[in-house]
Structure formats: C-alpha cells, structure tokens
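Asker: quick one: sequence and predicted model below, then my questions.
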Amino acid sequence: MSAQQSKVLAIIGQGYVGLPLAMAAVDAGWTVIGVDNFAAKVDQINRGTSPVEDVSGQQLQTAISNGLYRATTDFSEVTKASVVTICVPTPLDDKREPDLSLLRSAATGIAPYVSEKTLVVSESTSYPGTLRDIIIPIINELKPVGTENVYFACAPERVNPGDAIWNQKNTPRLVGGIDQESQIRALAFYNSICDAVVTVSHPEVAEAAKLLENTFRLVNIALINEFTQICSASGINVHEVINAAASKPYGFMPFTPGVGVGGHCIPVDPLYLTWWARQNGGEATFVESADRINHEMPKYVAERALRMVDGSIANPRVLILGVAYKPGVGDVRETPVTALRSYLQDLGANVAWHDPLVATWEGTNPVDLDWNCDVAILATNQPGMDLSRLIESRVQILDCTNSITGQPGVSSI
Ligand SMILES: NC(=O)c1ccc[n+]([C@@H]2O[C@H](COP(=O)([O-])OP(=O)(O)OC[C@H]3O[C@@H](n4cnc5c(N)ncnc54)[C@H](O)[C@@H]3O)[C@@H](O)[C@H]2O)c1
C-alpha cells in the first residue's frame with residue numbers, strides 16, 4: 001500500500017499533545033509512528049511507561065504490543081505516513097517573543113520524507129500565518145524531488161491535560177486547510193478520530209481562534225486576580241462575591257483567583273497575540289495589562305502569606321503545597337510558584353515545597369508534609385495531598401485554591 005493510501009499517522013512530538021493524540025488515533029484504527037527528538041523519552045515510551053498523565057502505561061503497552069504504535073527518533077519513518085501532524089512546543093524566547101525554532105526544526109526534519117499526497121497538519125499553537133509563511137515554505141523547499149502534491153492544514157490542539165471529561169475525541173476540532181483538497185483530506189482525518197470537526201475558511205482563522213480562546217482565559221483570570229486584591233483590601237471574601245455573581249443565569253462566567261497562570265498555554269499563547277499585533281503595527285494593550293497583573297500575583301501572595309507570620313520571626317519557614325501549575329498534573333512549565341518562591345526568598349523566608357506529582361523541581365527536592373513551618377501556602381491542591389494533619393496541627397495556611405477555606409487556621413486569598 002502506498003503512503004497516500006495507508007492509514008498510517010506520524011506525529012512529531014510525543015508530549016502532552018502528541019501522545020494522547022497517538023492513542024486517540026490508535027483507537028480510531030490508525031497505526032501511529034510517534035517521532036520525538038528526545039531519545040530518553042522515546043525509550044521510556046517504548047518501554048511502556050507514559051510520560052503524561054492523560055495516557056496510562058496500560059494503554060500504551062496495549063498499543064505497542066498490538067503493533068499499532070511505537071515511538072522513534074528517526075524522521076525517515078515519516079515516509080510511511082499518509083498524515084503527519086506536528087505537535088512540538090511553541091514557547092517564548094528570552095525577549096518573551098514567539099520562539100518557533102522547534103517548529104522549524106520539526107518541519108525541516110519531516111520535509112525530506114513527505115510522500116506524494118501526504119497531508120501535513122500543524123497542531124502546535126502559533127500566530128496566524130505560521131502554517132502559510134513558515135511551515136509550508138520549509139517543506140516545499142526540502143521535500144523530495146518529484147513530490148508534486150503535499151497538502152497542508154492547521155488544526156490547533158485544545159486538549160486540557162488532566163480533564164476527566166473533555167479529551168481529543170469529544171472536543172470539537174477546528175480545521176483550516178490551505179486549499180480545498182487539503183481541507184477535504186484534513187476533515188476526513190479528523191472526522192476519523194474526533195466526534196465533531198468545525199470547518200474554518202483559512203488556516204489563519206484556526207490559528208487566530210486558538211489565540212483568542214487562550215487569551216480569553218488569561219484576561220478573565222487577570223480580572224479576577226485584580227478584583228480579588230480590591231475586595232481583600234476592603235475585607236470582602238471574593239469567593240462569596242464570585243458565587244453571588246454566578247447566580248446570574250446569563251452574561252457571566254466565573255473565574256477564580258490563584259497564584260498566577262502557568263502551563264505551556266495560558267501564559268504563553270497571549271504573547272503570541274501581542275507580538276502578532278505589533279507586527280501589524282497595532283498594540284494589544286488590554287492583553288499586555290492582563291499579563292502584567294497575573295505576573296504580579298505571586299508577589300501579592302508572598303506578602304499576604306508573610307503577614308500571617310509573627311513579625312518577630314526574622315526568617316520564617318514557609319511550606320508551599322503544590323508546585324505544578326494546576327491540580328492533577330506534574331507539569332511545572334511556567335508555574336507561577338517559581339516567582340512565588342523567589343519573592344518569598346527575597347523577603348527573607350526559608351522556603352520548602354511539597355507536591356505528590358512532582359519528584360524534583362528546579363534542582364530541589366520536596367519535603368514531607370510535616371516539615372515544620374510558620375505558614376503554608378496552598379498553591380495547587382494536588383490529588384493525594386493529605387492536608388488534614390496539617391490542618392489538625394493548626395498550621396496557618398494561606399489557601400490560594402479556595403478548597404479548604406473555612407477550616408481552622410486557613411485564610412483564603
Ligand atoms: N500542553 C497543553 O495543554 C496544550 C494544549 C493545547 C495545545 N498545546 C500546544 O501543543 C504544542 C505541543 O505542546 P505540548 O504540551 O505537547 O509539548 P511537550 O513539551 O509536552 O511535548 C512536545 C514534544 O516535542 C518534542 N520535540 C521538540 N522539538 C522537536 C522536534 N523538532 N522534533 C521532534 N520532536 C520534538 C519534545 O521532545 C517533546 O517530547 C504547543 O504548541 C502547545 O502550545 C498544548
């Protein structure tokens with residue numbers, strides 16, 4: 001069977017997006033080649049140990065033993081695939097601007113191995129024009145001589161790691177092909193693995209929609225973080241206010257305050273938008289302001305926590321509970337707890353942390369929950385973290401998650 005007829009999918013990048021996609025495709029009858037340039041991760045996956053929470057070891061082992069999935073560092077395996085999806089990180093650089101180096105290297109890696117009629121889809125988040133102006137030119141320049149027709153589409157991934165309800169299958173998928181044939185092929189592919197596919201007229205619409213979705217979250221989180229500080233200064237419990245406002249059946253959506261925003265998406269993607277706005281001579285001042293407010297939140301939390309400690313203690317011992325950016329995952333990328341820890345240390349605190357899902361963090365090891373502290377900060381309420389002993393011992397806790405508020409010794413932001 002030729003590559004264009006085969007039901008073989010190559011996925012570039014086997015992380016939080018690529019590996020769950022691989023399993024969803026296997027479930028839908030595809031044979032999947034997972035390409036990743038991180039050899040240790042490829043070995044781990046091929047041993048049947050999943051590096052992400054949304055894929056179990058059992059699921060991985062079954063797919064491998066049935067011959068329907070395997071990981072590799074070898075880009076030449078792409079030759080066998082009729083569909084190639086790119087799921088590599090799109091972080092920020094030192095200037096907090098889009099860093100597309102991994103996306104470029106993924107496109108460069110697959111280009112010599114695309115076959116006639118291969119469909120290449122970018123699922124990575126980026127600014128509008130990335131598929132058309134960056135990925136397609138690289139592949140067209142480096143594809144094998146004689147390969148006339150390669151099809152291209154953008155289908156931004158919307159996965160929410162750790163979400164028990166929404167996954168790759170039941171989350172509607174946006175699909176924007178570069179031309180009509182690409183769109184037809186991309187729709188056929190995503191219809192084979194997703195319950196619902198939404199057609200948009202151009203890849204740029206799909207790329208912009210992804211930025212809008214995540215910027216929507218960033219600005220609403222910033223709004224509630226700012227609102228929390230205003231309420232707190234007047235002694236009003238913001239959570240009671242949020243619940244009261246949420247009783248309105250239309251026109252309001254509750255967001256909750258926290259230490260800040262983290263993960264690979266919400267703190268990052270809106271800066272792709274602000275950068276894109278500047279390229280077009282504009283300015284996304286509203287988004288920039290939201291970004292600033294969220295970045296100030298760890299400082300606010302640090303100061304609130306230290307105000308709970310007896311002022312005579314020169315170097316208070318502070319225990320941070322949960323360092324991953326959200327509950328249920330061990331992902332510490334962009335976690336606002338990094339800034340929280342530095343502010344606390346700058347203010348003279350002796351800081352330790354505990355997180356049952358994170359083995360080591362920024363070169364440091366966790367402590368037990370009974371680490372003797374003057375105040376604890378519940379930054380992320382991880383499953384499996386038994387706080388009852390801490391509460392019983394009447395340790396002062398600043399709860400940034402509103403999950404143990406009302407317990408003795410607990411204050412909430
Ligand atoms: N994590 C999420 O919740 C989420 C949700 C929706 C969209 N996204 C987007 O999906 C994309 C991927 O994010 P992720 O969270 O899966 O990243 P990740 O870091 O979990 O996984 C990416 C994988 O790609 C590999 N990789 C990097 N460069 C490569 C290259 N040139 N060739 C082959 N492999 C390469 C890495 O080794 C890594 O294993 C990003 O654009 C992100 O914004 C992420």
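Answerer: Nice, I can see it.
Asker: only C-alpha atoms for contact and neighbour calcs from this point on.
Answerer: Will do.
Asker: how about the residues of the stretch 1-150 of the chain by the ligand?
Answerer: By Cα under 6 Å from any ligand atom, the residues of the stretch 1-150 of the chain that approach the ligand are 12-18, 35-38, 87-90, 102, 105-106, 124-125.
Asker: out of those, which sit inside strands?
Answerer: Judged by DSSP state E, those include 12, 35 as members of strands.
Asker: whichever of the residues of the stretch 1-150 of the chain next to the ligand end up buried, select them in ChimeraX.
Answerer: Restricted to buried positions by 16 or more other Cα atoms under 10 Å, the ChimeraX selection for these reads:
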select :12,13,14,15,16,17,18,35,36,37,87,88,89,90,106,124,125
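Asker: contacts only, for S122.
Answerer: S122 is in contact with 85-87, 131, 153-156, counting by Cα atoms under 8 Å, 6 or more residues apart in numbering.
Asker: try Q345
Answerer: V351.
Asker: report the rounded mean pLDDT for the host helix or strand of it.
Answerer: Using DSSP states H and E, Q345 sits in helix 337-346. Helix 337-346 shows a mean pLDDT of 97.
Asker: what's the angle from the next helix or strand after that helix to helix 337-346?
Answerer: Downstream of helix 337-346, the next assigned helix or strand under DSSP H and E is strand 350-354. Counting by axes from the mean of the first three to the mean of the last three Cα atoms, to 10 degrees, strand 350-354 lies at 150 degrees to helix 337-346.
Asker: strand partners of strand 350-354, parallel vs antiparallel please.
Answerer: strand 317-321 (parallel) (DSSP bridges).
Asker: what residues does the strand it pairs with touch?
Answerer: So strand 317-321 is in contact with 349-355, 371-381, going by Cα under 8 Å, 6+ apart.
Asker: can you flag the buried ones in those residues?
Answerer: If you count burial by 16+ other Cα under 10 Å, the buried members of those come out as 349-355, 371, 373-381.
Asker: for the helix holding Q345, C-alpha coordinates in CSV please.
Answerer: Extracted C-alpha coordinates of helix 337-346, given in CSV (Å, rounded to 0.1, in the frame of the first residue of the first chain):
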residue,chain,number,x,y,z
VAL,A,337,5.1,29.1,42.0
THR,A,338,8.6,29.8,40.7
ALA,A,339,8.0,33.5,41.1
LEU,A,340,6.2,32.9,44.4
ARG,A,341,9.3,31.1,45.8
SER,A,342,11.7,33.8,44.7
TYR,A,343,9.6,36.6,46.2
LEU,A,344,9.4,34.7,49.5
GLN,A,345,13.2,34.1,49.5
ASP,A,346,13.8,37.8,48.6
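Asker: rewinding a little: what's the closest of the contacts of S122 to the ligand?
Answerer: Ranked by distance to the ligand (Cα to the nearest ligand atom), those are led by C87 at 4.6 Å.
Asker: am I right that the closest one is in contact with A10?
Answerer: No: with contact defined as Cα atoms under 8 Å, C87 does not count as touching A10 (10.4 Å).
Asker: for the longest helix along the chain, what is the average pLDDT?
Answerer: The helix that spans the most residues within the chain, counting by DSSP state H, is helix 203-233. For helix 203-233, mean pLDDT is 97.
Asker: report the distance from the helix or strand just after it to the chain centre.
Answerer: Downstream of helix 203-233, the first helix or strand assigned by DSSP H and E is helix 238-245. From the chain centre to the centre of helix 238-245 is a distance of 27 Å (Cα atoms, centre = their mean, to the nearest Å).
Asker: show me what helix 238-245 is packed up against.
Answerer: Other helices and strands packing on helix 238-245, by 3 or more Cα pairs under 8 Å, 6 or more residues apart in numbering; DSSP states H and E, are helix 203-233.
Asker: state the mean pLDDT of the helix or strand that contains V26.
Answerer: Take DSSP H and E as the rule and V26 turns out to sit in helix 18-27. For helix 18-27, mean pLDDT is 96.
Asker: and it, what does it pack onto?
Answerer: Where contact means 3+ Cα pairs under 8 Å, 6+ apart, helix 18-27 is packed against strand 8-12, strand 31-35, helix 57-65, helix 180-193.
Asker: which outside residues touch it?
Answerer: By Cα under 8 Å, 6+ apart, helix 18-27 touches 9, 11-13, 31-32, 34, 52, 54-55, 59-60, 63, 68-69, 87-88, 168-169, 193.
Asker: remind me which residues of the stretch 101-250 of the chain are low pLDDT?
Answerer: For the stretch 101-250 of the chain, applying pLDDT under 70 flags no range at all.
Asker: residue in it nearest to the ligand?
Answerer: With Cα to the nearest ligand atom as the measure, S124 is the residue of the stretch 101-250 of the chain nearest to the ligand, at 3.4 Å.
Asker: now name the helix or strand holding the closest residue to E288 other than its chain neighbours.
Answerer: In this structure, E288 finds its nearest non-sequential neighbour in T274, 7.1 Å apart by Cα to Cα, 6 or more residues apart in numbering. Following DSSP H and E, one finds T274 within helix 269-279.
Asker: who does that helix touch, helix- and strand-wise?
Answerer: In terms of contact count using 3+ Cα pairs under 8 Å, 6+ apart, helix 269-279 is assigned the packing partners helix 203-233, helix 285-307.
Asker: could you check the angle helix 203-233 makes with that helix?
Answerer: Using the same axes, to 10 degrees: helix 269-279 against helix 203-233 is 120 degrees.
Asker: is helix 269-279 positioned near the ligand?
Answerer: No: shown here: helix 269-279 not in contact with the ligand (Cα under 6 Å from any ligand atom), separated by at least 6.9 Å.
Asker: what residues sit buried inside that helix?
Answerer: For helix 269-279, by 16+ other Cα under 10 Å, it's 269-276.
Asker: alright, that wraps it up for me.
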